[in-house]
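*Asks:* This is the structure alone, sequence omitted:
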């Protein structure tokens, strides 16, 4: 299988998607496929960045914050979903299939490179991936000695304990930073080409299959 590089992504930008019957499907509470494509046509970076932030916030962050019954495990499970989704936007991946470990490595590396809170996990990304991400999403528990609490410092290395509330704050910081980078970048920069490629995949996924 050929590796997905800049040329592949650029060629996919030219792909036309038939949106018949799905133009009114909502990608967020306020934005439909038709709305998004209009933003893209107008190269409206501000509106697209705002839409992206709203999509993640209303689907993942707000439900956690507004819940009366808090669960550190639920917070971390949703955070892991967000990490893979955010990286698929940033990298231009249609899916994270067979790329999940790579997604966590690049997520924490990007956080570290930009002095974001979650960069603290950069050097232990693989251990986090196995013990937290895979443990929670496959077994509904952490493995390899990882602990989840909702108090204390973000990460206590000696006990491998994560403060889920502070981790969520780190996710929000990362999302804000990424959206600001989008606003500051040129429309033809890689960061935008990758986002548009991911959005094509999302829109394509809204169409019903043959079976």
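*Replies:* Perfect, I can see it now. What you see is a predicted model; the values in this text were computed from it and never measured.
*Asks:* drop to CA atoms for contacts and neighbour counts, all remaining ones
*Replies:* Will do.
*Asks:* doesn't residue 24 make contact with residue 34?
*Replies:* Yes: shown here, residue 34 and residue 24 form a contact pair, counting by CA atoms under 8 Å, at 6.3 Å.
*Asks:* So if I had to pick from these two, which one is more boxed in?
*Replies:* residue 34 (16 against 13; other CA atoms under 10 Å).
*Asks:* which stretches of the chain have low pLDDT?
*Replies:* Flagging of the chain using pLDDT under 70 yields the residue ranges 1-18, 209-211.
*Asks:* Remind me which helix or strand the most centrally placed residue in it belongs to.
*Replies:* For the chain, the residue nearest the mean C-alpha position is residue 86 (1.7 Å; CA atoms, centre = their mean). Using DSSP states H and E, residue 86 falls within helix 72-91.
*Asks:* What is the subsequent helix or strand relative to that helix?
*Replies:* helix 100-113.
*Asks:* which helices and strands does that following helix pack with?
*Replies:* helix 72-91, helix 125-128 (3 or more CA pairs under 8 Å, 6 or more residues apart in numbering; DSSP states H and E).
*Asks:* Centre of the chain to the helix or strand hosting residue 48, how far?
*Replies:* Element membership for residue 48, per DSSP H and E: helix 45-56. Distance, stretch centre to chain centre, for helix 45-56: 13 Å (CA atoms, centre = their mean, to the nearest Å).
*Asks:* hang on, the earlier thing: now do the residue nearest to the centre of the chain against residue 156, distance only.
*Replies:* As judged by CA to CA, to the nearest Å, residue 86 and residue 156 stand 25 Å apart.
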